[in-house]
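A.B. asks: sequence first, predicted model second:
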Amino acid sequence: MPKSKEFISSSESDSDDQPKQKKKKVEKKEKKETKKEEKSASSKGPGGEHMFQLSRMRYATVSEFRGNVMVGIREFYDAGGELKPGKKGISLTKDQWNRLKEQIDEIDEAVKEFS
């Protein structure tokens, strides 16, 4: 049974609890920074497309389809160790992508209204 805080002397508390807590916070922070670095890096997909990880199984991709550059946001699934695109997603033509980029500031403001 754990000791109650009332019975722990100040010398035990200072020497045992604080260093452990600081180490855990540092480790978590380092892990978050590593994940951010991994997510921002581009990788090549099985079809030669550029893949940018947005979340665990969601990616933004840049590929070519019938001679047209396409920007996609799609959920992927694991099929025996290989990532495959799922049904949920959207592909934008280069013109649609450029129109979306032009409206990013307005979209960002609308998002802030709901936050």
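C.D. replies: It's in. Here the structure is a predicted model, which means the values were calculated and not measured. Numbers count the residues shown, from 1 in each chain.
A.B. asks: every contact and neighbour count from this point should use C-alpha atoms.
C.D. replies: Noted.
A.B. asks: residues near the residue lying closest to residue 48 once chain neighbours are set aside, how many?
C.D. replies: The spatially closest residue to residue 48, leaving aside those adjacent along the chain, is residue 63, at 7.4 Å (Cα to Cα, 6 or more residues apart in numbering). Neighbourhood size, residue 63 [other Cα atoms under 10 Å]: 17.
A.B. asks: how does the chain divide into domains?
C.D. replies: 11-40, 42-114 (automatic domain parsing).
A.B. asks: so which of these is the most surrounded?
C.D. replies: Greatest average neighbour count among those goes to domain 42-114 (a mean of 13), per mean count of other Cα atoms under 10 Å.
A.B. asks: start and end of it, how far apart?
C.D. replies: 30 Å (Cα to Cα, to the nearest Å).
A.B. asks: quick one: mean pLDDT over it.
C.D. replies: Averaged across domain 42-114, the pLDDT comes to 94.
A.B. asks: quick one on the thing from earlier: spit out the contact partners of the residue nearest to residue 48.
C.D. replies: Contacts for residue 63 (Cα atoms under 8 Å, 6 or more residues apart in numbering) come out as 48-50, 69-71.
A.B. asks: quick one: residue 75 from residue 58, how far?
C.D. replies: Residue 75 is 4 Å from residue 58, where distance means Cα to Cα.
A.B. asks: try residue 83
C.D. replies: For residue 83, the distance to residue 58 - Cα to Cα - is 11 Å.
A.B. asks: also residue 113?
C.D. replies: 25 Å.
A.B. asks: can I get the contacts of residue 63 in JSON lines including secondary structure and distance to residue 41?
C.D. replies: Output for the contacts of residue 63, formatted as JSON lines (DSSP: H, G, I helix; E, B strand; the rest coil; distance: Cα to Cα, whole Å):
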{"residue": "48", "secondary structure": "coil", "distance to residue 41": "15"}
{"residue": "49", "secondary structure": "coil", "distance to residue 41": "13"}
{"residue": "50", "secondary structure": "strand", "distance to residue 41": "10"}
{"residue": "69", "secondary structure": "strand", "distance to residue 41": "20"}
{"residue": "70", "secondary structure": "strand", "distance to residue 41": "19"}
{"residue": "71", "secondary structure": "strand", "distance to residue 41": "16"}
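A.B. asks: brilliant, that's me finished.
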